[in-house]
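Colleague: Sequence and predicted structure, then a few things I'm wondering about:
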Amino acid sequence: MLKLKVNNIDVEVEEGLTVLQACEKAGVEIPRFCYHEKLSIAGNCRMCLVEIEKSPKPVASCAMPASEGMNIKTNSSFVEKSRKGVMEFLLANHPLDCPVCDQGGECDLQDQSMFYGIDKSRYKENKRYVPEKKMGPLIKTQMTRCIHCTRCIRFATEIAGVPELGAIGRGEDMQITTYLEKSINSELSANVVDLCPVGALTSKPYVFEARPWELKKTESIDVMDAVGSNIRVDTYGWEVKRILPRINEDINEEWISDKTRHACDGLLNQRLDTPYIKYSGKFDRASWKEVFNIIKGKIKTTSPDKICGFSGDLVNMEALYLFKEFFYKILNSKNIESRSKNTYLNPEKRENYLFNSSINGIEDSDFIFIIGSNPRYEATMLNARIRKAFLKNKTKIISFDELGDLTYSYQSLDGKIETLKKIFDDEHYVSELIKNAKKPIIILGQSALKFEIGKFVFESFKIYLDKNKKISKEWHPLNIISENASTVGSFDLGVYKNTVGENEVLKNLQENKYEVIFLLGNDSLDFKKKDEFIIYIGSHGDKGAEIADVILPGAAFTEQDGHYTNLEGKIQKAYKASYPPNEAKEDWLIINQLAENISNKTFFKNLDEVEKNMFNSLNILKKNDSQIKHTFLKDIKFENHNIILDNIDYYYSNVIARASKTMYECRNEKIKLQLTETQN
């Protein structure tokens, strides 16, 4: 520990901290523009100047290491004069745009100029003008406002892994730009808007929408993927205006993906706001009583074994629990499934479908092996952690297939299933890498768990890791990247019908063995409809609604309270920020009222009762019991089918994203970039 003084108060701090960090440990706030905890130190803005004893000049505290015996002063007249001088330089060319700037009300430059600014300028020269830059459909530029803090450049290069931003020119002629005047090719690009301490980079979809003090702020959880990023939903009236990240160091740190941030305009488009019934191939509006009676009549004339249900990718756990209870207790059917693809599932232990090493644990790994997954598109924030581990620890990364640019260097194998067999038989160099690693991470994507090969790949890996004593209470190297926000929660609640890993309900559906099908927010089923009667409960008029005979309008994730379990098994609650439109209802309420209509008795009184019963039914502790014997490890046959990666349409991955105009523009921009790269 180092002993030093801050404003004549004795403090002790850890070695390796900068003066700025030491001051903050002592409870003294230091103004800054260029410094950021997650980025490298630049020392550009000089706003963090402090006085250090025996130093004739003010010192930039962000770049000066703290040392034993330092006497630091942050509130002297010398420091105040220095900071005012810096602020005068920063404002010399800054335009007076505050009334029309989207950063107004949450601008660092505004806040700090209140303390260190002066009411007039001594500069008589004309202010400089910088032309706007093209940074894609998400980032609006007003580069005349830029103060050259370089936060955006450092983020793009260090965190996002796309060194496409940089500075050209020197002094007053310096400009921040994309080198080739094109969109930033990154799924994290919009984070630079949060980082920008002035209004040089603002959100293009949010331009002139609202002021920050007009918005109602609600803490929630992202559902665009299975990572479970912590977010804040800002609403104006009942309309969601923007989504921002919340800090959670274990999951998303303080970043979110572009899809998480900007798909929210899809909450307004293609909404289902009233019940519909299909007559002669056309939908007619109906009342809730009418659709409930039609469904009740259909259920009474259909055998329970001819009824099935599929839950979707954005459904919260309360609705999933009610959906299961509805099938088991009201319909007397167990034909319920949450998987829309025929993927292998071993539900005997919870670790069999989790990302066991944890997102935070990626940073401790010394070897990462990726099979059947493209984490950049399947779990963007998890991919950012892998890049962080690569930069921080020089972690060796191998992919089973060639995946293109993952934002970090990796080695790829041939993608043949025989190669995996050689690894399990210790006939491949990857075997030694796994055995020699202290904390290896094996990542299995959904493409590696397809039924033809899923059992062989998953169970063989588990046996191999157990044989080499890599699985322990402290570290579990086998990890599954779940496809959707609701996947782990549905497995925890038992929303599946498992027959030795095979998706029996999906198989019967594709063979047209069911007469009545319930779709709870499911828009990704691939089957040819014949005479089935389909009931769709959901928020958007998408693929599920198109094939439905009855539509029950539900709520989006921002319009209802509900829990989600992320891919590493953490249960988090998303809070209601808005309201379902018109006659639409929350998902749990629709299922509850439908159950009461069919059974003519009370099902659940309120959401609190649903939540209480749901948590009581979870078998998490039982599934975590280490004494459970493995029952699916018999007859693991080598399947000579190669792993074929699913084509991921990143910007169109769910109903909200497909209804978003911003995601449509991002998708088109990405296609243009791919065509340009192909032509070159």
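Modeller: Great, that's in hand.
Colleague: which residues in the stretch 1-150 of the chain form strands?
Modeller: Secondary structure of the stretch 1-150 of the chain (DSSP state E, counting those that start in this stretch): strands at 2-6, 9-13, 49-52, 59-60, 71-73, 139-141.
Colleague: Could you dump these into CSV and include mean pLDDT and distance to residue 441?
Modeller: Backbone N, C-alpha and C define where each C-beta goes, glycine included. Below are those laid out as CSV (pLDDT from 0 to 100; distance: least, CB to CB, whole Å):
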stretch, mean pLDDT, distance to residue 441
strand 2-6, 90, 36
strand 9-13, 89, 34
strand 49-52, 93, 42
strand 59-60, 93, 39
strand 71-73, 92, 42
strand 139-141, 94, 33
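Colleague: In CSV: those, plus mean neighbour count and distance to residue 130.
Modeller: Formatted as CSV, the strands of the stretch 1-150 of the chain follow (neighbours: other CB atoms under 10 Å; distance: least, CB to CB, whole Å):
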stretch, mean neighbour count, distance to residue 130
strand 2-6, 18, 38
strand 9-13, 14, 40
strand 49-52, 22, 26
strand 59-60, 22, 25
strand 71-73, 20, 36
strand 139-141, 22, 9
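Colleague: Just put those strands in JSON lines and tack on distance to residue 258.
Modeller: As requested, the strands of the stretch 1-150 of the chain are exported to JSON lines (distance: least, CB to CB, whole Å):
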{"stretch": "strand 2-6", "distance to residue 258": "40"}
{"stretch": "strand 9-13", "distance to residue 258": "37"}
{"stretch": "strand 49-52", "distance to residue 258": "36"}
{"stretch": "strand 59-60", "distance to residue 258": "33"}
{"stretch": "strand 71-73", "distance to residue 258": "40"}
{"stretch": "strand 139-141", "distance to residue 258": "10"}
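Colleague: Which pLDDT value does the model give residue 500?
Modeller: Listed pLDDT for residue 500 reads 64.
Colleague: try the one 4 residues further on
Modeller: Model confidence at residue 504, expressed as pLDDT, equals 88.
Colleague: Looks like it contacts residue 510 (just checking).
Modeller: No: with contact defined as CB atoms under 8 Å, residue 504 and residue 510 do not form a contacting pair (11.0 Å).
Colleague: where are the low-confidence patches of the stretch 501-650 of the chain?
Modeller: Residues of the stretch 501-650 of the chain that meet the criterion pLDDT under 70 lie in 501, 619-640.
Colleague: Can you tell me which of the strands of the stretch 1-150 of the chain is nearest to residue 596?
Modeller: strand 139-141 (49.4 Å; CB to CB).
Colleague: who does the closest one pair up with?
Modeller: Strands adjacent to strand 139-141 in the sheet, as given by DSSP bridges, are strand 201-203 (antiparallel).
Colleague: What's the first helix or strand after the partner strand?
Modeller: Past strand 201-203, further along toward the C-terminus, the next helix or strand under DSSP states H and E is strand 216-221.
Colleague: Give me the residues contacting that following strand.
Modeller: With CB atoms under 8 Å, 6 or more residues apart in numbering as the test, strand 216-221 has contacts from 228-236, 246, 485, 557-558, 564, 572-577.
Colleague: Mind doing that once more with 6 Å?
Modeller: Contacts made with strand 216-221 from outside it, assessed by CB atoms under 6 Å, 6 or more residues apart in numbering, are listed as 228, 231-235, 564, 572, 574-575, 577.
Colleague: Which two among those residues are spaced furthest apart?
Modeller: Put simply, by CB to CB the two of the contacts of strand 216-221 set farthest apart are 228 and 235, 20.9 Å from each other.
Colleague: More neighbours: these two, which one.
Modeller: A count of neighbours by other CB atoms under 10 Å puts residue 228 above the other of residue 228 and residue 235, at 26 against 20.
Colleague: quick one: the strands in the stretch 151-300 of the chain?
Modeller: With DSSP E, counting those that start in this stretch as the criterion, the stretch 151-300 of the chain has strands at 165-168, 175-178, 201-203, 216-221, 230-236, 239-245, 276-279, 282-285.
Colleague: Throw the ones you listed into TSV and include distance to residue 15 and mean pLDDT, thanks.
Modeller: Conversion of the strands of the stretch 151-300 of the chain to TSV gives the following (distance: least, CB to CB, whole Å; pLDDT from 0 to 100):
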stretch	distance to residue 15	mean pLDDT
strand 165-168	33	90
strand 175-178	35	90
strand 201-203	36	94
strand 216-221	36	96
strand 230-236	32	96
strand 239-245	31	95
strand 276-279	67	93
strand 282-285	69	93
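Colleague: Out of those strands, which is the most enclosed?
Modeller: strand 201-203 (a mean of 23; mean count of other CB atoms under 10 Å).
Colleague: How far does that one sit from its chain's centre?
Modeller: Distance of strand 201-203 from its chain centroid, counting by CA atoms, centre = their mean, to the nearest Å, is 20 Å.
Colleague: contacts for it?
Modeller: Outside strand 201-203, the residues within contact range by CB under 6 Å, 6+ apart are 102-103, 139-140, 192-193.
Colleague: got it, and stretch 36-53?
Modeller: 20, 30-34, 58-63, 71-74, 76, 78-79, 82-83, 86, 149-151, 154.
Colleague: got the end-to-end distance for that stretch?
Modeller: Here the two ends of stretch 36-53 are set 26 Å apart, with distance taken as CA to CA, to the nearest Å.
Colleague: buried residues in that stretch?
Modeller: 36, 39, 42, 44-52 (16 or more other CB atoms under 10 Å).
Colleague: List the buried residues for the helix or strand where residue 421 lies?
Modeller: Counting by DSSP H and E, the secondary-structure element that holds residue 421 is helix 417-424. Applying a neighbour-count criterion of 16+ other CB under 10 Å, the buried positions in helix 417-424 are 417, 419-421, 423-424.
Colleague: With distance to residue 317 and pLDDT added, can I get those residues in a markdown table?
Modeller: Supplementary listing: those in a markdown table, determined by distance: CB to CB, whole Å; pLDDT from 0 to 100:
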| residue | distance to residue 317 | pLDDT |
| --- | --- | --- |
| 417 | 35 | 89 |
| 419 | 38 | 91 |
| 420 | 34 | 91 |
| 421 | 38 | 90 |
| 423 | 36 | 93 |
| 424 | 36 | 91 |
